[in-house]
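Trainee: kindly generate the corresponding structure for this input.
(2 chains)
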Amino acid sequence: MRFTSLAFLAFAALTVLLYYLFPKAKRWWVLLVADYVFYFFAGKEFLPFILFTTLVTYSFARWMQALTDRESRYLEEHRDSLSKEERKAVRSKYKTHRRWVLVSGAILGFGMLAILKYTGFIVSIFRSSGIPNLILPLGISFYTFQSMGYLIDVSRGKVAAERNFFKTALFVSFFPQLVQGPISRFADLEPQLIEGHPFDSFNLRAGLLRAAYGYFKKMVVADTAMIAVQTLAARSDELTGGYVVLLILLYSVVIYGDFTGGIDIALGIAEMLGIHPAENFNRPFSSRSVKEYWNRWHITMGSWFTDYVFYPLSVSIPMQKLSKWSRAHLGQALGKRIPVYLATIFTWFLTGLWHGAGWNFIVWGLLNCLLLLVSQELKPLWSLWQTKFPKLCASTPWHLWQATRTFLLMGLIRSLDVYRNVPKTFRLWGTIFSTFNWGEIFSGGWLRLGLGIADYAVLAGGILIIFLVSQLGKAETPLRERTAKKPVLTVFLLGAFVCVILIFGTYGIGYNAGDFIYRTF
Amino acid sequence: MEQLLEILENLHPGMNIGENDDLIGSGLLDSLDIVTLITEINSTFDVNIPAEEILPENFCSAKAIYALIQRLDEV
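Mentor: Residues are numbered from 1 along each chain as shown, chains lettered A, B, ... in the order given. Alright, predicted model coming up:
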C-alpha cells in the first residue's frame, strides 16, 4: 500500500474515523491494528521481520528493566549499611550487566538489519557474481533505529521499559512513520500513542492541510522534476557539463519535495489523530553552513547518531585514553582533535551506510564529514574575517551567498545518490569545469529531458509556492496553524490542493509516482 | 570550582570565564571542546561523565557543569 494510492487515502480516512469511534482507552488498539493492516498490504512477507524486532525490543527492554528494579531494591534495602564506594560498586555492577544485555539486543536488532541490507554489498566486494538479493522489509532502517534507541534509553535509565507487549509493538510499527520516519524517541512518542486523544476539529483541519501540502510537494513538484533527473541519470555519458549542474539543482528539488512531502503526509495523518511526532525539517535549504544544514535536515536521524553514536564513542574510555595519549605525545592542538575527529569520521561512515549498501552512500557520508571537519578547522579564519568585515558578514547578500554555497555543496555531493557510481560521479563533476555546453542546454537541451515548457512552468510555480510557504512559516505561529483556525479557508485550500494535484500532478499509467526515495533507505 | 574554571580557561586560553557565563549560547563550547572537557574532568575529579549526561542544561555554564560533577560524585 503506497502513500500515494487511493487505497491508502481510504485506509487513512477509515483509521481516523475508527480511532474516534472507539472509547478513548481502546483507541491505541485501533492504531496497532491499522499498523499491521498497513504493513500486511505493504508486503506480508515483511511481517516476520518487524515482529522479530518487536520481540527483541520488548524482551530486552524488560530484561534491563528487571535489572534496574533489582538494583534499586538492593540499594534501598541496604541504604544504611553500604558506604559510598560500595554503592558505586553495586551501580557499576548492574550497569555492566545492563550493558551486556543491551549489546546482545543490539546485535540481534542491528544484526537482522545488517544481514538483510548489507550481505549483498559485502559479497559484491569479494566477488562479482552470485550476489544474494535479499528481501528489504519496508522501513526496516527506520523502525530498527527507533527500537534500538529505545533499548539504549532503557539501559541508561532514561525511560522505564514498557510492560505491555502490544504497546511496544505499537511504538515500533506506528504506520505513518513506517515508510520514511521520522525516527522518534520513546519518551516523546509512546505516551502520545497510548493516550486516547479527544476529537479536535482543529487537529483534523491542520493535519489535512499538512498531508495535502505533502502530496502537493511529492506529486506535483518532486515527481515532475524526477522525470528530468531520471533522463539525466540514464544518459549521463552524453549529458555532461552543464547538465550535471542541472541534475544537481533538479535533484535537490526532488529530494526536498519527496522527503519533506512524505514527512508532511506522515505527520499530517498523525496530527489528525492528535499525535505530534518529532519534526524532521526546519527550512534546511536556507542553512548558511553545512553544520547548520545538518541541524535542519533529517533532524531525527542526525540527533540519533549524535546521541547514540558520536557522544558515546567520543567519551568512551578507549577514546579518553587515546585523547590523553595523543595530547601528551602530539601536543594539545592535534591531540585533542584526534579522538573527536575519529568519532566524527566513524559516525559519518555509519550515516552513509545507513542510507544504503553501496560505496556511493559511504563516500557521500565521508564527504559530508570532510566538509564539517574543514569548516571546523577554518573557524579561526572565519572569526578573523568576521572581525575584519562585520558589516558585510551581517548583510543579507552575504547570508544569501552563504545559503547558496551550502545548497550547492550539499546538492553536489547528493548527486552521488543519483549516479550511484563513485568514479563516474567524480568524472561528471569534473566535466562541470571542462565541458561548456550551456549554449546547447539553453537552445533546447533542457526541453529534451522528458519535460516540456508547461512542465517547467508547473515546477517553477510549485517551487515558488514552497518558497513562499517556507518564508511565511517563519512566524511564531506556523502558517498552517493560522490557516487551520479558519474552517472556510481550510476547505478552500484543501480543494485547491486536490485540483492542483489532479491537474498538474504526476500520476497514472506510465508513471510510478508511489515510491518515496527514503522508503528504500 | 576553581579547578573547573582552570580547565575551561585552558580550553580557550586568554578567555576569562565566570561561573555563570553562558558557554553554549555564546558558542564557547562546541562538540570538540565538550569531549576534551569531559576527558579533563574525568581525570581531575575522578568521576565518569557518561554520554547520556551530555545535555545542554548540564554544560550551559561552569556552575551547571560543577553541579553535574557533584551529582555524579554522590551517586
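
Trainee: just say helix, strand or coil for B:I17.
Mentor: coil (DSSP: H, G, I helix; E, B strand; the rest coil).

Trainee: so what's the residue count around it?
Mentor: B:I17 has 19 neighbouring residues, counting by other C-beta atoms under 10 Å in any protein chain shown. Every C-beta, even on glycine, is put in place using the N, C-alpha and C of the backbone.

Trainee: who touches it in this structure?
Mentor: Going by C-beta atoms under 8 Å, 6 or more residues apart in numbering or on different chains, B:I17 touches B:5, B:8-9, B:23, B:28, B:62.

Trainee: now flag whichever of those residues is closest to A:Y143.
Mentor: B:L23 (36.7 Å; C-beta to C-beta).

Trainee: surely the closest one meets B:E57?
Mentor: No. Using C-beta atoms under 8 Å, B:L23 makes no contact with B:E57, being 11.6 Å away.

Trainee: neighbour count winner among these two?
Mentor: The residue with more neighbours, out of B:L23 and B:E57, is B:L23; 23 against 11, by other C-beta under 10 Å.

Trainee: from the contacts of B:I17, which land in helices?
Mentor: Secondary structure assignment by DSSP state H places B:5, B:8-9, B:62 of the contacts of B:I17 in helices.

Trainee: quick one: which of these is most hemmed in?
Mentor: Within those, neighbour counts (other C-beta under 10 Å) peak at B:L8, which reaches 23 neighbours.

Trainee: ok so, going back, spatially, which two of the ones in helices among the contacts of B:I17 are the most separated?
Mentor: Counting by C-beta to C-beta, the most remote pair of the ones in helices among the contacts of B:I17 is B:E9 and B:A62, 9.9 Å apart.

Trainee: for residue 61, what are its contacts?
Mentor: Let's take chain A. By C-beta under 8 Å, 6+ apart, the residues touching A:A61 are A:105, A:150-151, A:154, A:161-162, A:168.

Trainee: look at chain B instead
Mentor: Counting by C-beta under 8 Å, 6+ apart, B:S61 has contacts B:19-23.

Trainee: so how many other residues sit close to the nearest residue to A:L208 once chain neighbours are set aside?
Mentor: Nearest non-adjacent residue to A:L208, counting by C-beta to C-beta, 6 or more residues apart in numbering or on different chains: A:L494, 5.9 Å away. The local packing of A:L494 (other C-beta under 10 Å) involves 16 other residues.

Trainee: surely A:L494 touches A:G207?
Mentor: No. Contact criterion C-beta under 8 Å: A:L494 and A:G207 do not qualify, at 11.1 Å.

Trainee: export stretch A:423-430 to PDB, keeping only CA atoms.
Mentor: What follows is stretch A:423-430, C-alpha atoms only, in PDB (Å, rounded to 0.1, in the frame of the first residue of the first chain):
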ATOM      1  CA  PRO A 423      34.400   7.200 -10.000                       C
ATOM      2  CA  LYS A 424      31.800   8.100 -12.700                       C
ATOM      3  CA  THR A 425      30.300  10.800 -10.400                       C
ATOM      4  CA  PHE A 426      33.700  12.300  -9.800                       C
ATOM      5  CA  ARG A 427      34.300  12.300 -13.600                       C
ATOM      6  CA  LEU A 428      31.000  14.000 -14.200                       C
ATOM      7  CA  TRP A 429      31.800  16.700 -11.500                       C
ATOM      8  CA  GLY A 430      35.000  17.300 -13.500                       C
END
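
Trainee: check what pLDDT residue 65 gets.
Mentor: Picking chain A for this. As predicted, A:Q65 sits at a pLDDT of 97.

Trainee: wrong one, chain B
Mentor: B:I65 is assigned 93 on the pLDDT scale.

Trainee: so it touches B:N58, yeah?
Mentor: Yes. Contact criterion C-beta under 8 Å: B:I65 and B:N58 qualify, at 6.8 Å.

Trainee: picking up where we left off before, name the element the residue nearest to A:L208 belongs to?
Mentor: Here A:L494 sits within helix A:487-504, counting by DSSP states H and E.

Trainee: quick check: buried residues in that helix?
Mentor: A:490, A:493-494, A:497, A:500-501, A:504 (16 or more other C-beta atoms under 10 Å in any protein chain shown).

Trainee: how about stretch A:26-40?
Mentor: Here stretch A:26-40 shows A:27-32, A:34-36, A:38-39 as buried, counting by 16+ other C-beta under 10 Å.

Trainee: return the alpha-carbon coordinates of it using PDB.
Mentor: Presented in PDB, the C-alpha positions along stretch A:26-40 are these (Å, rounded to 0.1, in the frame of the first residue of the first chain):
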ATOM      1  CA  LYS A  26      -9.100   1.500  23.500                       C
ATOM      2  CA  ARG A  27      -8.000   3.900  20.800                       C
ATOM      3  CA  TRP A  28      -4.400   2.700  20.800                       C
ATOM      4  CA  TRP A  29      -5.700  -0.700  19.700                       C
ATOM      5  CA  VAL A  30      -7.200   0.900  16.500                       C
ATOM      6  CA  LEU A  31      -3.700   2.200  15.800                       C
ATOM      7  CA  LEU A  32      -2.000  -1.100  16.400                       C
ATOM      8  CA  VAL A  33      -4.400  -3.000  14.100                       C
ATOM      9  CA  ALA A  34      -4.100  -0.200  11.500                       C
ATOM     10  CA  ASP A  35      -0.300  -0.600  11.700                       C
ATOM     11  CA  TYR A  36      -0.400  -4.300  10.900                       C
ATOM     12  CA  VAL A  37      -3.100  -4.000   8.200                       C
ATOM     13  CA  PHE A  38      -0.900  -1.300   6.600                       C
ATOM     14  CA  TYR A  39       2.200  -3.500   6.900                       C
ATOM     15  CA  PHE A  40       0.300  -6.600   5.600                       C
END
